[in-house]
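>>> Have a look at this prediction, sequence included:
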Amino acid sequence: MGFTAKQVQALRRSPDHRHIRSRTANGRELSYIEGWYAISQANRIFGFDGWNRETVESRCVLARENRGIFLAIYTAKVRITVEADGTKIIREGHGSGEGRANSPGEVHDIALKSAETDATKRALATFGKPFGLELYRKDIVSRPEQAPAAPPLAPAGQVRRFGLHPDDATPIPRPSHYYGRRYHSASKEFFPKPKSETSSNTAPPLAPATSEEPKHDKIDKSQLAIGEPKRLRDKAHLKFVGSQPCLVCGRSPSDPHHLRFAQPRAIGMKVSDEYTVPLCRGHHRELHHASKETAWWASKNIDALTVAREFWEQSRLISTTTPVADVSPAAT
C-alpha cells in the first residue's frame, strides 16, 4: 500500500454530516455530497499536486428543443490518478448530467460539467468514506416508496393551480435543536427539551437549564456602515399579490414571484416579500428558466420593481395592523 498512515486514517473517516445533501428521485430520498466538497477532500488527503483528474470519454445522448427551452443529457467517463509513495493508483467512474437553458451552447456546457462532476464523485468514492462511499448503501440512502399524497382541494371560490411551482425546490432555513434545548420560533428563544426527548447519551447543555433564559439584544445590521438588507416576510401580502392577474397575460390565479435582482443574494433565502409581483404558472416557469431575469422583464416592457412597490403600498393600506416578520441575517 502506497498511502501513509495519516492518509489511511483520513480515508476511514466519514464525511461531515453538514455537507451531506438529499434529494427525492422516483419516490426515494437519496443522499449525496456535492462535487466541490469531494474535490476539496481529495486535495486535503492526497495533496494539491498528488492526484489528477482526466475526462476519458464524453458523449451527448440526447439534445432537443421545445418552445425555446433546450435540453441536453451527457454521459462521461473520468479517470482519477493518485500518486502514493512512488506508485500510481488509478480509478475510473461513469456519470451522467442533464442541462436545461434557453441557449443551446449553455445547455451543453451545463450538462457536460454535470456529467463530469458525477463521474468524478463516483471514481473518488472508491477510495473510501470521506468521498461518500457509505451513502451508496441502500439501507441508509433509500427509503420505501410511498404513494404520493393527493393534492389538497382548493378552497371555495379559488381556482386550483396545476403543475409544480417553480420555487418548490428552494431551500428554506429552519431553526434546529442544540444540546438539550428547543428553539421556539414565535418568541425566538431556547427552552429545555422535555425529559422524554432526552437520552443518556445526549451531550450536556452549554449552560444550566433554567426557567428564564438570558435574552440577547439583536444587532440591526442594516444600520451599519455597510448595511445588510432586511428581508421581510408577510403572508398576507403574498396572498394579496397572488390574487392579482398575471402582469404578462392577465390570467388568474397567479403566483407571487420574488424579484431575485432586487436584493443581494443570500444562501437559502429569498428576497424580501415586498419585491413580489403576480405571474401565472406558465410565465412564472418561463422566467425561472431565463438566464437573466432583468433581460426577461425588459423583453416584456415591464418595470417589475415599480409594480412591486405599488403592490406593497396597496397591501400596507389594506392591512396596516398586520405584523411583518424580519428574517434578515441580522434577525436570525
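Thanks, I have the structure now. Residues are numbered from 1 along each chain as shown.

>>> Give me the contact list for the host helix or strand of residue 316.
In this assignment (DSSP states H and E), residue 316 forms part of helix 304-318. Contacts to helix 304-318, defined as C-beta atoms under 8 Å, 6 or more residues apart in numbering, come from residues 234, 236-237, 240-241, 244, 247, 259, 262, 274-278, 297. For every residue, glycine as well, the C-beta is placed using N, CA and C.

>>> let's see 10 Å
Defining contact as C-beta atoms under 10 Å, 6 or more residues apart in numbering, one finds that helix 304-318 is touched by 232, 234, 236-241, 244, 247, 256-259, 261-262, 271-279, 287, 293-294, 296-298, 303, 322, 324.

>>> ok, residue 16 - contacts?
By C-beta under 10 Å, 6+ apart, the contact set of residue 16 is 33, 37, 41, 130.

>>> Show me the residues you listed that map onto helices.
Among the contacts of residue 16, the members found in helices (DSSP state H) are 37, 41.

>>> Between the contacts of residue 16, which sits nearest residue 71?
Lowest distance from residue 71 to these (C-beta to C-beta) belongs to residue 33, with 26.0 Å.

>>> And the closest one, what's its pLDDT?
pLDDT, residue 33: 85.

>>> now the residue lying closest to it once chain neighbours are set aside: how far from residue 84?
Spatial nearest neighbour of residue 33, chain neighbours left out: residue 132 (4.4 Å); criterion: C-beta to C-beta, 6 or more residues apart in numbering. Note on residue 132: its distance to residue 84, by C-beta to C-beta, to the nearest Å, is 21 Å.

>>> So the two - more neighbours on which side?
With neighbours defined as other C-beta atoms under 10 Å, residue 132 and residue 84 compare such that residue 132 has more, 24 against 15.

>>> pretty sure the more buried one is touching residue 42, no?
No - in this structure, residue 132 is not within contact of residue 42 by C-beta atoms under 10 Å, at 12.0 Å.

>>> what's the helix or strand for residue 236?
Here residue 236 sits within helix 235-242, counting by DSSP H and E.

>>> now swap in residue 288 and tell me
helix 281-289.

>>> what ranges do the helices span in the stretch 51-200 of the chain?
Taking DSSP state H, counting those that start in this stretch as the criterion, the stretch 51-200 of the chain carries its helices at 104-125, 138-141.

>>> Residue 279 touches residue 290, doesn't it?
No - judged on C-beta under 10 Å, residue 279 makes no contact with residue 290 at a distance of 11.9 Å.

>>> Which one's more surrounded, the two?
residue 279 (27 against 16).

>>> Now do the contacts for the nearest residue to that one once chain neighbours are set aside.
Nearest residue to residue 279 in three dimensions, chain neighbours excluded: residue 257, at 4.6 Å (C-beta to C-beta, 6+ apart). The neighbours of residue 257, taking C-beta under 10 Å, 6+ apart as the test, are 166-167, 241-242, 246-247, 275-280, 283-284, 287-288, 293, 304, 308.

>>> Check the gap between residue 257 and residue 245 for me.
Applying C-beta to C-beta to residue 257 and residue 245 gives a distance of 13 Å.

>>> where do the contact lists of the two overlap?
The contact sets of residue 257 and residue 245 overlap at 278, 279, 280 (C-beta under 10 Å, 6+ apart).

>>> What strand or helix carries the first one?
Using DSSP H and E, the element containing residue 278 is strand 276-279.

>>> Output that strand as PDB, restricted to C-alpha atoms.
Provided in PDB are the C-alpha atoms of strand 276-279 (Å, rounded to 0.1, in the frame of the first residue of the first chain):
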ATOM      1  CA  THR A 276     -43.100  40.300  -5.400                       C
ATOM      2  CA  VAL A 277     -45.200  40.500  -8.500                       C
ATOM      3  CA  PRO A 278     -48.000  38.300  -9.800                       C
ATOM      4  CA  LEU A 279     -47.200  35.800 -12.600                       C
END
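
>>> if we can go back for a sec, okay, the angle between the helix holding residue 316 and helix 235-242?
Angle of helix 304-318 versus helix 235-242, following axes from the mean of the first three to the mean of the last three C-alpha atoms, to 10 degrees, is 120 degrees.

>>> quick one: buried residues of helix 304-318?
304, 307, 308, 311, 312, 315 (16 or more other C-beta atoms under 10 Å).

>>> now it and helix 281-289, what's the angle there?
Helix 304-318 runs at 130 degrees relative to helix 281-289, counting by the same axes, to 10 degrees.
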